[in-house]
Structures are given as C-alpha cells and as structure tokens.
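>>> no FASTA, just this:
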C-alpha cells in the first residue's frame, strides 16, 4: 500500500483544554498523575489519527516529565504535535501548560513523548504519510525524535 501525500505538522496539531475538578485531584488538591497521563494520551492519539487518517494505538510513552503540580481549579492546556513519522509508527510530543484563571498566569507543567502505530481494520500496522517540518522548531523536534527512536530501539534490543 503506497504512503499518502506529504503532510505538515500544522495539519494535525491538537489543543485541548480541561479544568481540574475535585474528582481529578489527590488529597493535596493536585491533579492526579494518571488523570494527566490519560489527557496526554487522548490529545496525542487525536494528533496521530488526524495525521494518518487511521486508528492509532499507543505503542510507548517515554520522557514524561512532571515539572509543576496542577491545582484544583486550574486549567490544563495540552498541545500535541506529530514530531516525526517512521514507517507505520510516529512520535507525538505533548506540551502541558497550566493556567490560573484568576491571575492569568500560565506555566509549563509537563512534557511527554508518545509513539503510536497506525492500524487497518484488521489491527495490522499500515504505512503512514511522511511529515514535512517547516519551522525551525518543527525541524528541531523532527531531529530530536530520530534520536529518541534510536534510544527506544536500543533499549528494546537490550531486553
């Protein structure tokens, strides 16, 4: 099956916004890490599917960094972008920003990198359209994704 046309990063970018409610928090009033990981996975899966026009399944999550606690009542902004396409897999980066609606302050709270595999109706991996990084930042993320993939493959071989 031939790969589809070259696509830009911008075509599949995702921005999700969620408010942190009491049900989402731990005893300290901070957003649960697992709840944030769920939001990250959803944003990344949408970006992957938007790029590939396929159902995409999570293959791995790495480089998940919790930099700031996110408090009840704050808003979580998730920005997901496809960093690089390989053959049947792709890497999506997600940047999480927290926003205090009362002060207007926004702070980087989390970053994550996820790998997805595009599948067909039988659940088999299928080729994905390549991505064309345009901006300097997209080109940097594209190069960084290749280095992270090499690390993932090295770790897989070591098992």
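Noted; the coordinates are in hand. Keep in mind that what you see is a predicted model, and the values were worked out from it rather than measured.
>>> for the chain, what's the longest helix?
In the chain, with assignment by DSSP state H, the single longest helix is helix 136-158.
>>> with adjacent residues omitted, what lies nearest to residue 101?
Excluding the flanking residues, the one nearest residue 101 by CB to CB, 6 or more residues apart in numbering is residue 75, at 6.0 Å. The C-beta positions use only the backbone N, C-alpha and C, and glycine is treated the same way.
>>> neighbours of the one you found, how many?
Residue 75 is flanked by 15 other residues according to other CB atoms under 10 Å.
>>> quick one, helices of this protein?
According to DSSP H, the helices that the chain contains are 33-52, 136-158.
>>> which stretch in those has the least confidence?
Mean pLDDT is lowest for helix 136-158 among these, at a mean of 90.
>>> where in the protein is pLDDT low?
Scanning the chain for pLDDT under 70 picks out 1-4.
>>> how about the strands in it?
7-8, 14-19, 55-66, 75-85, 89-99, 106-119, 131-132 (DSSP state E).
>>> could those go into TSV alongside distance to residue 39?
As requested, those are exported to TSV (distance: least, CB to CB, whole Å):
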stretch	distance to residue 39
strand 7-8	24
strand 14-19	6
strand 55-66	12
strand 75-85	6
strand 89-99	8
strand 106-119	10
strand 131-132	23
